[in-house]
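In: I would like the atomic coordinates for the input below:
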Amino acid sequence: MVAVRHLLALLLLAAASAAIAHKPSDSYLTIEIKSASIEGRWDIALRDLDFALGLDADGNGELTWGEVRARHAEIAAYATARLQVSADDHPCAIEVGAQQVDGHTDGAYSVLPLALRCAGEAGVPSRLAITYTLFADLDPQHRGLLNLQARGLARTAVLGPQQPTQTFELGAVERWSQFTDYVREGVWHIWIGLDHILFLLSLLLPSVLAWQGARWLAVERARDAFWDVLRIVTSFTVAHSITLSLAVLGVIELPSRLVESVIALSVVAAALNNVKPLVFGRLWMVAFGFGLMHGFGFASVLADLGLPRQALALALVGFNVGVEIGQLAIVLVFLPLAYAMRRTMFYRRWIMVGGSLVIVALAAIWFAERAFATKLIGF
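Out: Numbers count the residues shown, from 1 in each chain. Presented below is the predicted three-dimensional model:
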């Protein structure tokens, strides 16, 4: 019964995470250091600013340009109070220009043009320190994705509550630091990407069962379940690695709406197959086929990081490694629990079939929202 409680807790955690079905709370900060000036751009999600400042004046759930424009000064003051920059230990004053609105894969963002006026000697500084605390009091999972350009080189970093202040030596690029940043981003994305997790879990649920006589029965040997899981995870990994690479390199581009809709549909199909199997024994083929589309979903996140050309291969490898680490962690938690429970009616009926039906319902809602650009529920 301990295993039952643990697996049930995992399912409840997944359901509670539905509010972050795919995209976490991010902002995008670009800083470019030139010989005579430091300029930048800061994209902040309007949904996050609305939560913090209450931009929706009439409370109808929809932000208009007029509502956002009326609060530009307040948005600028709120943001700049939570961003401190110093060059060679000299503080920089941050000025915000005329704001605009731009679209990202997950919605509309307020765009703040930045001009930094730093005390001290003129010219390109040798060191830049950034303290980032945006939304730290409201959302500990929020991050700022930094693209820093100086001396003809580009650096990237993830800013957030875990490490609010980071210092960058502008004379050299720390490749290992960049690599580990992208690894963390890959791990984080798979863990908060509920649609990716539910697709993988839908394929893994039957790994400890066999379809015989029109019903699910427990497998007898652990190694059968292990090899089934290995084939599924390997196929999914190979597939999304292919399309992730092609998309990041600009070889293939697909509309975000199409990609996200098909990803939701893949979750529906994988979960429905657990209720009335049409494919069994070769789920690795399903993992590969739909994994190709999941790779495009991963690529959209990686593209939002503002990839520098000099670090393209590094970012691609690091992010992919992170995704695989995140997947492996899920498998290592799931498989022992599922194998221990495989003979119970609770697993075969409530987890396998009941849980799959819940996944179908949730993913069907995602598909409708993404395909038809509507909002059916509050997440």
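In: which residues touch Val238?
Out: 288, 291 (C-beta atoms under 8 Å, 6 or more residues apart in numbering). C-betas here are computed from N, CA, C, even on glycine.
In: mind listing what's buried in the one helix or strand it maps to?
Out: Using DSSP states H and E, the element containing Val238 is helix 222-248. Neighbour-count burial for helix 222-248, counted by 16 or more other C-beta atoms under 10 Å, picks out 225, 228-229, 231-233, 235-237, 239-241, 243-248.
In: any idea which helix or strand comes after it?
Out: Next along from helix 222-248, by DSSP H and E: helix 256-275.
In: residue boundaries of the strands in this structure?
Out: 26-33, 38-45, 83-87, 90-96, 100-104, 107-118, 127-132, 143-150, 153-159, 165-169, 209-212, 215-218 (DSSP state E).
In: Of these, which is nearest Glu185?
Out: strand 153-159 (6.2 Å; C-beta to C-beta).
In: Which neighbours in the sheet does the closest one have, and how are they oriented?
Out: Here strand 153-159 has these sheet partners by DSSP bridges: strand 143-150 (antiparallel).
In: rewinding a little: relative orientation of the helix holding Val238 and helix 256-275 in degrees?
Out: Helix 222-248 runs at 170 degrees relative to helix 256-275, counting by axes from the mean of the first three to the mean of the last three C-alpha atoms, to 10 degrees.
In: just how off-centre is helix 222-248 within its chain?
Out: Relative to its chain's centre, helix 222-248 lies at 19 Å (C-alpha atoms, centre = their mean, to the nearest Å).
In: and it, what's its mean pLDDT?
Out: Averaged over helix 222-248, pLDDT sits at 91.
In: again, but for stretch 356-369
Out: Per-residue scores along stretch 356-369 average to 92.
In: Check stretch 29-44 too.
Out: 90.
In: Next, the distance between the ends of it.
Out: 9 Å (C-alpha to C-alpha, to the nearest Å).
In: Quick one: distance of it to the chain centre.
Out: 25 Å.
In: Could you do stretch 334-352 as well?
Out: 29 Å.
In: for stretch 156-167, same thing?
Out: For stretch 156-167, the distance to the chain centre is 17 Å (C-alpha atoms, centre = their mean).
In: For that stretch, buried residues please.
Out: For stretch 156-167, by 16+ other C-beta under 10 Å, it's 156-161, 164, 166.
In: what two of those are the furthest from one another?
Out: Applying C-beta to C-beta across those, the maximum distance is between Thr156 and Pro161, 18.5 Å.
In: Quickly list the domain ranges of the chain.
Out: 2-21+193-372, 26-177 (automatic domain parsing).
In: ok so, going back, confidence-wise, which of the strands of the chain is weakest overall?
Out: Among the strands of the chain, strand 153-159 scores lowest, at a mean of 78.
In: Give me the angle between it and strand 165-169.
Out: Using the same axes, to 10 degrees: strand 153-159 against strand 165-169 is 170 degrees.
In: And the nearest residue to Asp228 once chain neighbours are set aside, how far from Leu148?
Out: Take Asp228 and drop its neighbours on the chain: the residue closest to it by C-beta to C-beta, 6 or more residues apart in numbering is Ser207, 4.4 Å away. Using C-beta to C-beta, to the nearest Å, one obtains 44 Å as the distance from Ser207 to Leu148.
In: Just give me the closest of the buried residues of stretch 156-167 to Val267.
Out: Using C-beta to C-beta, these come closest to Val267 at Val158, 27.2 Å.
In: Is that closest one in contact with Gln178, as I believe?
Out: No: with contact defined as C-beta atoms under 8 Å, Val158 does not count as touching Gln178 (10.3 Å).
In: For this protein, which helix extends over the most residues?
Out: helix 312-341 (DSSP state H).
In: Tell me the helices and strands packed up against that one.
Out: helix 2-16, helix 175-192, helix 194-204, helix 222-248, helix 283-304 (3 or more C-beta pairs under 8 Å, 6 or more residues apart in numbering; DSSP states H and E).
In: Look up which residues are beta-bridged to Ile44.
Out: Under the criterion used (DSSP bridges), Ile44 bridges to Ser27, Ser110.
In: Next, count neighbours for it.
Out: 25 (other C-beta atoms under 10 Å).
In: Next up, the contacts around it.
Out: By C-beta under 8 Å, 6+ apart, the neighbours of Ile44 are 27, 75, 79, 109-110, 112, 134.
In: So it versus Phe135, what's the distance?
Out: Ile44 is 9 Å from Phe135, by C-beta to C-beta.
In: Enumerate every residue touching the residue most central in space within the chain.
Out: The residue lying closest to the centre of the chain (C-alpha atoms, centre = their mean) is His189, at 3.4 Å. Applying C-beta under 8 Å, 6+ apart to His189 gives the contacts 24, 196, 298, 301, 319, 322-323, 326.
In: Recalculate using a threshold of 6 Å.
Out: Val301 (C-beta atoms under 6 Å, 6 or more residues apart in numbering).
In: Please tell me how far it sits from Gly322.
Out: For His189 relative to Gly322 (C-beta to C-beta), the value is 7 Å.
In: Same question for Leu314.
Out: For Leu314, the distance to Gly322 - C-beta to C-beta - is 12 Å.
In: Look at the two and report which has more neighbours.
Out: Counted by other C-beta under 10 Å, Leu314 and Gly322 do not tie: Gly322 has more neighbours, with 23 against 19.
In: How confident was the prediction at the more buried one?
Out: The model's pLDDT for Gly322 equals 90.
In: ok, now Val353?
Out: pLDDT at Val353 comes out at 93.
In: Check the gap between the residue nearest to it when sequence neighbours are not counted and Tyr347 for me.
Out: Computed as C-beta to C-beta, 6+ apart, the closest residue to Val353 that is not its neighbour in sequence is Val275, at 5.7 Å. Using C-beta to C-beta, Val275 is found at 15 Å from Tyr347.
In: Thanks again, I'm all set now.
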